[in-house]
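Asker: The following comprises the amino acid sequence and a computationally predicted model.
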Amino acid sequence: MSESPLITSLRTAVEAAPDDVPLRLHLAQLLLDAGHGQDAIAHVAAALQREPGNADAQALMGRAVAPPAAPASYDWKLAENELSEVVPPAFVQSEEAAAPPHPHAHPPLAADGGDSDDGSLWEVETGSIKLADVGGMHEVKERLEAAFLAPMRNPELRKLYGKSLRGGLLMYGPPGCGKTYIARAVAGELGARFMSVSISDVLDMWIGSSERNLRQLFETARRNSPCVLFLDEIDALGARRSQIRHTGMRNTVNQLLTELDGVNGSANEGVFVLAATNHPWDVDTALRRPGRFDRMLLVLPPDQPAREGILHHHLKDRPVAGIDLAKLAKRTDGFSGADLQHLCESGAERALLDSVRTGRARMIEMSDLLGALDHIRPSTGPWFTSARNVAQFANEGGAYDELLAYLKRKKML
């Protein structure tokens, strides 16, 4: 079948710009209309590898794999039957060496019913995971143990050394690295209940409502003590007041400071406040004074054991064969947990699209994941670029010494 000059020109253009998804989809559309179905599928698959959520590519793939006049359609039921014997899959390592759970999975936690009588809208959960459930991240665990958990577990020793429980812990680092999961694990270590709150849960368009929400939030935590109260996106909830002088957010920050000071009172014993941010340099300095968030903990991208656990988690319920988790973990240094999840999704997609093209279901193989890895870069790069400038030129009081040490170790300075 002859090829039109337009298609030939578009082929040349796509070869020169392989990452131009709209251009590739336009070529695929023309190929499909011209009867070049398999060629069109190959280009749509390449587009989906670059943009898995592209709705136009997904719709075009649906047309390509199941055209009305196709002699045979893909038998999904047959594929399920062919793969049913290998789910869950057997990895290359023995079951005894199976990787631990990863620090980004969120197992369902039972909602606590202790607050139902007072009609509170805040969800109170029961801490059911512990730090042992967090794969790798040994330095983070040691810091948590020394700075936060050990004094709380040993009241007599705390009394002997005059160690105060005043103040909270501020976790910071690039997005997608497990700060929320670690907060849940802290609650489990303390045998405490857990409340997770983000800025969208607190802010309200009506004047005074945001402050009232904060007050009710802390009151709920105190009624459910011992309780770990986790404030996510604290940089948005507690932004620098110098930058929001003329907005209603200033009053919200003041209310947060008031509530944090209230937690330090003897009447509020048993409420432990943790917070997380990707941008600690945007947090109001008053929030980091002694008695508030006076301790900072850097949560970095998962180390190699943690990466292996994350990969295992995202592949364990998929049909896989010949997967070398250790090799993948070694090649994904600097990847966040979210990046690793995306890698597994992309590898699975490559195998699925290949199965659709050939009409035969096959396993997800190491080549699929390595092929996807060629097109994925760590999303943590931009964060480290910003953090490097702050750590080098705005490291007041040594707040970012830990970050500086990491940047030097990774030769990012």
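Answerer: Arrived safely. Treat the numbers as computed from the prediction; the structure is a model and nothing was measured.
Asker: which strand is the longest one in this structure?
Answerer: strand 271-277 (DSSP state E).
Asker: List the buried residues of the following helix or strand past that strand.
Answerer: Following strand 271-277 in sequence order, the next helix or strand is strand 295-298 (DSSP states H and E). By neighbour count with 16 or more other CB atoms under 10 Å, strand 295-298 contains the buried residues R295, M296, L297, L298. (Each C-beta comes from the backbone N, C-alpha and C, glycine too.)
Asker: Mind checking the pLDDT average for strand 295-298?
Answerer: In this model, strand 295-298 carries a mean pLDDT of 87.
Asker: As a check, name the ranges of all helices in the stretch 251-400 of the chain.
Answerer: 304-315, 325-331, 337-358, 366-373, 381-393 (DSSP state H, counting those that start in this stretch).
Asker: which helices and strands sit right next to the shortest one?
Answerer: Meaning helix 325-331. The contact analysis (3 or more CB pairs under 8 Å, 6 or more residues apart in numbering; DSSP states H and E) places helix 325-331 against helix 304-315, helix 366-373.
Asker: Point out the most buried one among those helices.
Answerer: Among the helices and strands packed on helix 325-331, the stretch with the highest mean neighbour count (mean count of other CB atoms under 10 Å) is helix 304-315, at a mean of 24.
Asker: on contacts alone, who are the packing partners of that helix?
Answerer: Checked by 3+ CB pairs under 8 Å, 6+ apart, helix 304-315 has helix 325-331, helix 337-358 packed alongside it.
Asker: what's the most buried one of these?
Answerer: Of the helices and strands packed on helix 304-315, helix 337-358 is the most buried (mean count of other CB under 10 Å), at a mean of 20.
Asker: what angle do that helix and helix 304-315 make?
Answerer: 40 degrees (axes from the mean of the first three to the mean of the last three CA atoms, to 10 degrees).
Asker: Check the offset of helix 337-358 from the chain's centre.
Answerer: What separates the centre of helix 337-358 from the centre of its chain is 18 Å, taken as CA atoms, centre = their mean, to the nearest Å.
Asker: CA atoms only: put that helix into CSV for me.
Answerer: Output of helix 337-358 as CSV, limited to C-alpha atoms (Å, rounded to 0.1, in the frame of the first residue of the first chain):
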residue,chain,number,x,y,z
GLY,A,337,8.6,6.6,46.0
ALA,A,338,6.3,8.2,43.5
ASP,A,339,8.9,7.9,40.8
LEU,A,340,9.3,4.2,41.5
GLN,A,341,5.6,3.7,41.3
HIS,A,342,5.5,5.5,37.9
LEU,A,343,8.4,3.2,36.7
CYS,A,344,6.4,0.1,37.6
GLU,A,345,3.2,1.5,35.9
SER,A,346,5.2,2.3,32.8
GLY,A,347,6.8,-1.1,32.6
ALA,A,348,3.5,-2.8,33.0
GLU,A,349,2.0,-0.6,30.3
ARG,A,350,4.8,-1.6,27.9
ALA,A,351,4.0,-5.3,28.4
LEU,A,352,0.3,-4.7,28.1
LEU,A,353,0.6,-2.8,24.8
ASP,A,354,2.9,-5.4,23.4
SER,A,355,0.4,-8.1,24.4
VAL,A,356,-2.3,-6.2,22.5
ARG,A,357,-0.1,-5.8,19.5
THR,A,358,0.8,-9.4,19.2
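Asker: Would you map out the domains in the protein?
Answerer: With domains defined by automatic domain parsing, the chain comprises 5-65, 76-101+303-373, 116-301, 380-413.
Asker: list the buried ones in the shortest one?
Answerer: Of all the residues in domain 380-413, those buried under the rule 16+ other CB under 10 Å are 380, 383-384, 387-388, 390-391, 399-400, 402-404, 406-407.
Asker: and what of stretch 21-39?
Answerer: The neighbour-count check on stretch 21-39 (16+ other CB under 10 Å) flags 21, 23-32, 34, 36-37, 39 as buried.
Asker: Among the residues you listed, which has the minimum pLDDT value?
Answerer: G37 (79).
Asker: Setting aside sequence neighbours, what's the nearest residue to it?
Answerer: Closest residue to G37 apart from its sequence neighbours, by CB to CB, 6 or more residues apart in numbering: A64 at 5.8 Å.
Asker: Go through the helix or strand where the one you found lies and flag the buried ones.
Answerer: Using DSSP H and E, A64 maps to helix 55-65. Neighbour counts over helix 55-65 (16+ other CB under 10 Å) mark D56, A57, L60, M61, R63, A64, V65 as buried.
Asker: ditto for stretch 8-15
Answerer: Result for stretch 8-15 [16+ other CB under 10 Å]: buried residues L10, R11, V14.
Asker: Residues contacting it, please?
Answerer: The contact list for stretch 8-15 (CB atoms under 8 Å, 6 or more residues apart in numbering) reads D20, L23, R24, H26, L27, L30, H43.
Asker: Restricted to helices, list those.
Answerer: L23, R24, H26, L27, L30, H43 (DSSP state H).
Asker: want to throw those residues into CSV with distance to Q216?
Answerer: What follows is those, written out as CSV (distance: CB to CB, whole Å):
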residue, distance to Q216
L23, 53
R24, 52
H26, 54
L27, 57
L30, 59
H43, 54
